[in-house]
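Engineer: Predicted coordinates and the sequence they were generated for:
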Amino acid sequence: MSSAFEVMLNRAIALHRQGDAPAAESLYRTVLAEQPANGEANHNLGMLLAQRGSDAESLPLFQMALKSQPGVEQYWLSYASALLATGHPREAQLVLTRGQQRGISGQAVNTLLQKTQAALTPSEADLRVEYGTAQAMQGRLEDAISAYREAIAIAPDHAEAHFRLGSILSETGNIAEGFAHYMLRATLVHGGRPWRHDKAQPAHRTKHDREQEKYLAELLGHSAPNFHLEDGARLPGPAVNPINATPELVKQWQGSLPKLVVIENFLTPAALAKLRCYCAGSTIWRRNYDAGYIGATPEDGLACPLMAQIAEETRATFPQILGAHAFRYLGAFKYDSEASTGTNTHADNSAVNVNFYIAPDEANTDPESGGMDIWDVSAPGGEEMRRYNGDEALAQDFLKQSRAHLTRVPHRANRAVIFKSDLFHKTSDCRFQEGYLNKRINISLLFGHRAA
């Protein structure tokens, strides 16, 4: 390694130890851009990703570290741990066995082997889930659905079976039933544990949880429960505002470049009010992001019946924009008024995004910003997209080289932006007032696959 990259790697390690994950990640990726086989940089970046819960992303990094320097015992342990964490106990056991043949030993190896062995004795329900997943990967969706239903019949509290059934049903048009299984998964996983986890949390997450706990105590008249969901029932009338389904909007979409349209008053007043209450009072915000924001997913409780209604009606209200693209997934993101820098520049591997905002206008101190920046350039596919999504400097350099043109859509309460998913986009600079109910919240619905 050249002295310059050695200095850079040492600086990344120091920043990592100090808790500055974003800066450390950027330096690790800079080193790997020039030295993709660098064992220490691969391993440390893998550790950083695993520490924030991105075990799947850490796997190829640990694998490369081990391939580059098989003599380092920790690399065997880290790779095996990541395999186990991502549901591959047999592969983890095989890695450890090979490591023992190469000389690794000790209590850490033995403990990890015991964990893999415990995971390799599945129940009948586990076997049905494993079979269903294999069928889903081969495109045999009906067989997969049947297998997941059989698993739940055997073990009604099988959280993983509910999660996988929820996913496949909602992606094949059965959104309401799929979301019901997502919600069962959320209750099974989070209902018996504190909603503020025992492990150390980033400052913005700790701040949010304390504010939410106070909000719930005032709302309920007693201390906040471990797991709480506000009323998220469907509305008897429409949730997505039908007045927006106009020929003019379709014409605007067809002629737009970049491919996007902006819609005001996206939800009906009743739906907006109810969704605000649900997002404020429900302990669904389980995902942490380094850039000062947190997230909610269907499987953590975002998939209430109201959200199922919104997803269904979005598809039904804008058929000429969404075309044949079925619903895929959704997420909600809540930003700290002081700490958040928003999402990085990225693209999504779907066909069309529907992104809408629910925070009140008076919370936004800069009416010309706080929304979304969208460029008129699509990200390359496959591994290239993942590289750009993980490296802000690389993405911005690509946009500069492409002479991309920026469209900035300011934040407005109940405004929606529908756009082509693979266009580079990011959160605009956010300046919102302090206060729990002033936090910027956007909800993103994904439709279709990029290849379509």
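Structural biologist: On my side now, so go ahead. Residues are numbered from 1 along each chain as shown.
Engineer: which helix of the protein spans the most residues?
Structural biologist: As far as residue count goes, and with DSSP state H defining each element, the longest helix of the chain is helix 203-220.
Engineer: Next secondary structure after it?
Structural biologist: Sequence-wise, the next helix or strand beyond helix 203-220 is helix 247-255, with elements assigned using DSSP states H and E.
Engineer: For that next one, name the packing helices and strands.
Structural biologist: Applying 3 or more Cβ pairs under 8 Å, 6 or more residues apart in numbering; DSSP states H and E, we find helix 247-255 packed against strand 260-263, helix 319-322. Quick note: C-beta positions are derived from backbone N, CA and C, even for glycine.
Engineer: of all these, which gets the most neighbours per residue?
Structural biologist: Ranked by average neighbour count under the criterion mean count of other Cβ atoms under 10 Å, those are headed by strand 260-263 at a mean of 21.
Engineer: centre of the chain versus the longest helix of the chain, how much separation?
Structural biologist: Once both centres are worked out by Cα atoms, centre = their mean, to the nearest Å, helix 203-220 turns out to sit 22 Å from its chain's centre.
Engineer: residues in contact with that helix?
Structural biologist: Under the criterion Cβ atoms under 8 Å, 6 or more residues apart in numbering, residues 195-196, 201, 223-225, 228, 280-281, 283, 285, 288, 292-294, 334, 336, 339-340, 436-437, 439 lie in contact with helix 203-220.
Engineer: coming back round to it: using TSV, lay out the helices and strands packed on helix 247-255 together with distance to Glu213 and mean pLDDT.
Structural biologist: What follows is those, written out as TSV (distance: least, Cβ to Cβ, whole Å; pLDDT from 0 to 100):
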stretch	distance to Glu213	mean pLDDT
strand 260-263	35	98
helix 319-322	39	96
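Engineer: which one of the ones you listed lies closest to Ala21?
Structural biologist: Across these, the minimum distance to Ala21, taken as Cβ to Cβ, is reached by strand 260-263, at 31.8 Å.
Engineer: Need the nearest residue in space to Pro242, chain neighbours excluded.
Structural biologist: Thr317 (6.2 Å; Cβ to Cβ, 6 or more residues apart in numbering).
Engineer: That neighbour and Val240 touch, don't they?
Structural biologist: Yes - judged on Cβ atoms under 8 Å, Thr317 makes contact with Val240 at a distance of 5.0 Å.
Engineer: so who does the nearest residue to Leu59 once chain neighbours are set aside touch?
Structural biologist: For Leu59, ignoring the flanking residues on the chain, the nearest one in space by Cβ to Cβ, 6+ apart is Ala82 at 5.1 Å. Under the criterion of Cβ under 8 Å, 6+ apart, the neighbours of Ala82 are 46, 50, 55, 58-59, 62.
Engineer: thinking again about what came up before, count residues in the vicinity of the residue nearest to Pro242, would you?
Structural biologist: Other residues within reach of Thr317, judged by other Cβ atoms under 10 Å, total 20.
Engineer: Contacts only, for it.
Structural biologist: 240, 242, 244-245.
Engineer: Try it again at 10 Å.
Structural biologist: The contact partners of Thr317, by Cβ atoms under 10 Å, 6 or more residues apart in numbering, come to 238-245, 249, 263, 266.
Engineer: Gly106 too?
Structural biologist: Listed by Cβ under 10 Å, 6+ apart, the contact partners of Gly106 are 73, 77.
Engineer: rerun at 8 Å
Structural biologist: Going by Cβ under 8 Å, 6+ apart, Gly106 touches Glu73.
Engineer: do you know how far it is from Leu112?
Structural biologist: When Cβ to Cβ, to the nearest Å is applied, the distance between Gly106 and Leu112 equals 10 Å.
Engineer: and the gap between Ser340 and Arg431?
Structural biologist: Taking Cβ to Cβ as the measure, Ser340 falls 10 Å from Arg431.
Engineer: Give me the common contacts of these two.
Structural biologist: Counting by Cβ under 8 Å, 6+ apart, Ser340 and Arg431 have no common neighbour.
Engineer: neighbour count winner among those two?
Structural biologist: Relative neighbour count places Ser340 above the other of Ser340 and Arg431, with 23 against 16, counting by other Cβ under 10 Å.
Engineer: Apart from its chain neighbours, what residue comes closest to the more buried one?
Structural biologist: Gly292 (3.3 Å).
Engineer: about what we covered before: going by neighbour count, which of the contacts of Ala82 comes out on top?
Structural biologist: The residue in the contacts of Ala82 with the most neighbours, by other Cβ under 10 Å, is Phe62 (28 neighbours).
Engineer: From Asp391, how far off is it?
Structural biologist: Relative to Asp391, Phe62 is positioned 19 Å away (criterion: Cβ to Cβ).
Engineer: Which residue, neighbours along the chain excluded, lies closest to Thr187?
Structural biologist: Phe227 (7.1 Å).
Engineer: Need the CA coordinates for the longest helix of the chain. CSV is fine.
Structural biologist: Coordinates of each C-alpha in helix 203-220 appear next as CSV, following Å, rounded to 0.1, in the frame of the first residue of the first chain:
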residue,chain,number,x,y,z
ALA,A,203,-28.0,10.7,19.3
HIS,A,204,-30.8,11.7,16.9
ARG,A,205,-32.6,8.4,17.6
THR,A,206,-32.3,8.8,21.4
LYS,A,207,-33.6,12.3,21.1
HIS,A,208,-36.6,11.1,19.0
ASP,A,209,-37.5,8.3,21.3
ARG,A,210,-37.5,10.6,24.4
GLU,A,211,-39.7,13.1,22.5
GLN,A,212,-42.1,10.3,21.4
GLU,A,213,-42.2,8.9,24.9
LYS,A,214,-43.2,12.3,26.3
TYR,A,215,-45.7,12.8,23.5
LEU,A,216,-47.3,9.4,24.2
ALA,A,217,-47.4,9.9,27.9
GLU,A,218,-49.4,13.2,27.4
LEU,A,219,-51.6,11.6,24.7
LEU,A,220,-52.5,8.4,26.7
